[in-house]
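**Student:** I'd like to go over a predicted model; first the sequence, then the structure.
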Amino acid sequence: MRPDYPIKTARLVLRPFEMSDLDDVFAYRRLEEVNRYLYSEPYTRAEAAENLAKWTAQDEIIEDGQSLALAVTLEGQVIGEADVKLLSADHRQGEVGYIFNPAFHGQGYASEAARTMLGLGFEELGLHRVQAECDVRNEPSWRVMERLGMRREAHFRHKEIFKGEWGDSFVYAMLAAEYRTLK
Amino acid sequence: MRPDYPLKTDRLVLRPFEEHDLDDLHAYRSDPEVCRYLYTHCATLEDSADRLTKTLTMSELTEEGQWLVLAAYLPEAGRVIGDVVLKWISEKHRQGEIGYVFNPEFQGRGLAREAAEEMLRIGFEDMKLHRIEAQCDPRNEPSWGLMERLGMRREAHFRQNEVFKGEWGDLYIYAMLDEEYARAS
C-alpha cells in the first residue's frame, strides 16, 4: 500500500519524510517532554538524522510488521509525525501512532493527522481493526484516541518495566464497522 | 527452575507428562467441547501423541519463552484429568502466563482451580514473577470464571482482534500482580 502523496487534511499536509526535515524533526525529538512516555530517549542530532534516513526509505507497506511514518506539515513546517503499522494481514489488524512538537499541541492537529492514519488503515490497507497504545499517564494521547472514537479495550498494569519503573498502558481500538459509522 | 516433583495439592498430583499418559490426554484433547475455544483443532490420536512427545521435556523453565506443562493426575480416578501450563514470557519484565485444559468429565469440582493455584504459586513464589496473565475466548465462561475465582482481574477485552476458526474472535486477558497474590494467599 502506497498512498497518493501528499495527503491533505483541512489544515495539514502529510507526506513521506525528507532529509531536509532534519531541523524540524530534531526540534521536538530532542525534547525530554516528548520522550517521557515513548520507548525512545531524546535524540541527538545524529540520531535524528539516522532515524530520518530510515523513515524516508519507508514510504509504503508491503508486509506484516512494516509501518509508514509520515511527516505532518503545517504551512511547510514539520510539526509532528503520524504512523500506521500493519500488524497482521491475515487478521487485518493494524496500529496507529503520533508524536507532535509540543509547540503545536492543543489545536487538534494530532487528531486531524491520526484520523487520516485511521483512514489509511481502514480504506487503503483494508484493515478490520486498528489499535493504538499509550502510557496511561499520557492523557493528551489517549484523549486523542477517544476523540477519534476509539474504545479503551485494555488497561495493562505492570506489564513491563518502563524507564526504570513498572508501567501501565492503555490499548484503544476501533473496528472497520465503527469507522464507517463515524465517518 | 525445576519444581520438586511430584507436586501435591489437596486432591491432585501435578507432574511432568509420561509416555503412558497418551490415552488420558487424548480423551479430553479430542473432545469437541474442550477444543471449541482453543487455537488447536480437535486432536487426532497422532496429534495427541505429538503433543505428548513435545510436553515430555517441558518440565522445567530455564529461559524465557519456555512452557512448563504439567499433567494433573487425580489419584482417586487413577487418571490424568487435564493439563496446566506456565509460560515464562519475560525474564526482564518478570512476566508469565498460565493456562489449563481439563477433561469435562471432572469439571465443576474445583480441580482445575486447585491445579491453576499451584501454577500461580510456582510463578510467583518459585519464579519470582511480578505479573501473571491468562487469556481466553469471552464465550468460554467457565475459563474466565476460574480466572476470577483465582483473584485475577480482567485487563483487556479485545474485540475481533483475530480471525478464530473462521470467524472474528474476541479475547479476554486477565492478570494478577505479585502483591495481589501475596495479599490473597
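**Tutor:** Cool, the structure landed. Residues are numbered from 1 along each chain as shown, chains lettered A, B, ... in the order given.

**Student:** neighbours around residue 30, how many?
**Tutor:** No chain specified, so I'll use chain A. As a burial measure, residue A:30 scores 15 neighbours (other CB atoms under 10 Å in any protein chain shown). For every residue, glycine as well, the C-beta is placed using N, CA and C.

**Student:** You answered for a different chain; I wanted chain B.
**Tutor:** Residue B:30: 15 surrounding residues under other CB under 10 Å.

**Student:** OK, contacts around it?
**Tutor:** Residues in contact with residue B:30, defined by CB atoms under 8 Å, 6 or more residues apart in numbering or on different chains, are B:42-45, B:48.

**Student:** likewise residue A:8?
**Tutor:** For residue A:8, the contact set (CB under 8 Å, 6+ apart) comprises residue A:14.

**Student:** For the chain, just list every one of the helices.
**Tutor:** Using chain A here. Assigned helices in chain A, in chain order: A:22-29, A:32-35, A:45-57, A:109-119, A:139-147, A:176-182 (criterion: DSSP state H).

**Student:** That was the other one, I meant chain B.
**Tutor:** For chain B, helices defined by DSSP H occupy the ranges B:22-29, B:32-35, B:45-55, B:111-121, B:141-149, B:178-184.

**Student:** Buried deepest among these, which one?
**Tutor:** Counting by mean count of other CB atoms under 10 Å in any protein chain shown, helix B:111-121 has the highest mean neighbour count of the helices of chain B, with a mean of 22.

**Student:** which other helices and strands contact that helix?
**Tutor:** Helix B:111-121 makes packing contacts with strand B:67-74, strand B:79-90, strand B:95-102, helix B:141-149 when contacts are defined by 3 or more CB pairs under 8 Å, 6 or more residues apart in numbering or on different chains; DSSP states H and E.

**Student:** contacting residues for whatever residue of chain A ends up closest to chain B?
**Tutor:** Here chain A gets closest to chain B at one residue, residue A:154, 3.3 Å apart by CB to the nearest CB. Residue A:154 is in contact with A:169-171, B:155-158, B:173, counting by CB under 8 Å, 6+ apart.

**Student:** Tell me the spacing between the residue in chain B that chain A sits nearest to and residue A:156.
**Tutor:** Chain A sits closest to residue B:156 of chain B, with a gap of 3.3 Å, by CB to the nearest CB. The spacing between residue B:156 and residue A:156, counted by CB to CB, to the nearest Å, is 7 Å.

**Student:** Can you work out which residues contact both of those two?
**Tutor:** Common neighbours of residue B:156 and residue A:156 (CB under 8 Å, 6+ apart) are A:171, B:173.

**Student:** Which positions in chain A make contact with chain B?
**Tutor:** Applying CB under 8 Å from any CB of the partner chain, we find that chain A lies next to chain B at A:88, A:90-93, A:128-129, A:131, A:151, A:153-161, A:166, A:171, A:173, A:175.

**Student:** Please pick the buried ones from the residues you listed.
**Tutor:** Among the residues of chain A next to chain B, those classed as buried by 16 or more other CB atoms under 10 Å in any protein chain shown are A:88, A:91-93, A:128-129, A:131, A:153-160, A:171, A:173, A:175.

**Student:** just checking: which of the contacts of residue B:30 also lie near chain A?
**Tutor:** Among the contacts of residue B:30, no residue is within reach of chain A (CB under 8 Å from any CB).

**Student:** So for residue B:185, what pLDDT did the model give?
**Tutor:** On pLDDT, residue B:185 comes in at 79.

**Student:** gap between it and residue B:41?
**Tutor:** Distance from residue B:185 to residue B:41, by CB to CB: 37 Å.

**Student:** Residue B:68 reaches residue B:122, doesn't it?
**Tutor:** Yes: shown here, residue B:68 and residue B:122 form a contact pair, counting by CB atoms under 8 Å, at 7.2 Å.

**Student:** residues touching residue B:40, list them.
**Tutor:** Residue B:40 sits next to B:29, B:47 when contact means CB under 8 Å, 6+ apart.

**Student:** neighbour-wise, which of residue B:68 and residue B:122 wins?
**Tutor:** Per other CB under 10 Å, whichever of residue B:68 and residue B:122 has more neighbours is residue B:68, with 26 against 23.

**Student:** Find me the pLDDT at the residue lying closest to that one once chain neighbours are set aside, would you?
**Tutor:** Among residues not flanking residue B:68 along the chain, residue B:86 sits closest, at 4.5 Å (CB to CB, 6 or more residues apart in numbering or on different chains). With respect to pLDDT, residue B:86 has a value of 98.

**Student:** Show me the beta-bridge partners of residue B:86.
**Tutor:** On the basis of DSSP bridges, residue B:86 is bridged to residue B:68, residue B:98.

**Student:** what's around it, how many residues?
**Tutor:** Neighbours of residue B:86 (other CB under 10 Å): 29.

**Student:** so how far is residue A:183 from it?
**Tutor:** Per CB to CB, residue B:86 is found 45 Å from residue A:183.
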